[in-house]
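Asker: Make a model of this:
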Amino acid sequence: MKVSAVIPTRGDVDLSRVVDSLRHYPEITEIIIKIGDTPFNRYRGAVQAANELIYTQDDDCVTDITPLLAAYDSAFICNAMTPEHAKSYPGEETLVGFGALFDKRRLAVFGGWKRDALFYRECDRVFATLNPHKTVYPKITILPHAYSANRLYRQPEHGPSHVAMRERISQYKAAR
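Answerer: This next block holds a predicted model:
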């Protein structure tokens, strides 16, 4: 199993703990750092990856990916969460920022989506809602900068944009 890891970041934090943790996994043969202000950079990095199997996580945590590797099935996104966060994501929607392992073919869900400001902010919701997922609960260390004011979930538009994208996804699914 050869895995390409993709870490999206604004470029304003020290990534050494994240990168060092990933280097401990022999399955990870490539680490791609994508700098920019949109979570969509994780998917841009996945397209560029040498391997078909992609691991991604945000720049603000360190995740034990052994349970994801063990649970991987190409029919799903295998994602990591804390039990506390899982309570907020019942059903189809999930998170990928704590870690997710998926086949590059899963990127096909982005076909036909309007690339506007809402999409670039909320693309993880599109990916993690329209693809089936299997959640595991590995050890996750949340790094201090996860609580910085510039994190997406801390911004005032977080709630409204989440609701708007949920509505857009509902309309998309209804039209299919």
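
Asker: biggest helix in the protein by residues?
Answerer: helix 158-175 (DSSP state H).

Asker: buried ones in that one?
Answerer: Ser161, His162, Met165, Arg168, Ile169 (16 or more other C-beta atoms under 10 Å). To be clear about C-beta, it is placed using only N, CA and C from the backbone, and glycine gets the same treatment.

Asker: show me what contacts the first one?
Answerer: With contacts taken as C-beta atoms under 8 Å, 6 or more residues apart in numbering, Ser161 has the following neighbours: Leu118, Arg121, Glu122.

Asker: out of the residues you listed, who's nearest Tyr55?
Answerer: Glu122 (21.5 Å; C-beta to C-beta).

Asker: Does the closest one belong to a helix, a strand or coil?
Answerer: helix (DSSP: H, G, I helix; E, B strand; the rest coil).

Asker: before we move on, back to that, for the buried residues of helix 158-175, give me CSV that also has distance to Arg176 and pLDDT.
Answerer: Listed next are these as CSV, based on distance: C-beta to C-beta, whole Å; pLDDT from 0 to 100:
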residue, distance to Arg176, pLDDT
Ser161, 23, 92
His162, 22, 91
Met165, 17, 94
Arg168, 13, 96
Ile169, 11, 96
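
Asker: Out of those, which is nearest to Thr129?
Answerer: For these, the nearest to Thr129 is Ile169 (5.5 Å; C-beta to C-beta).
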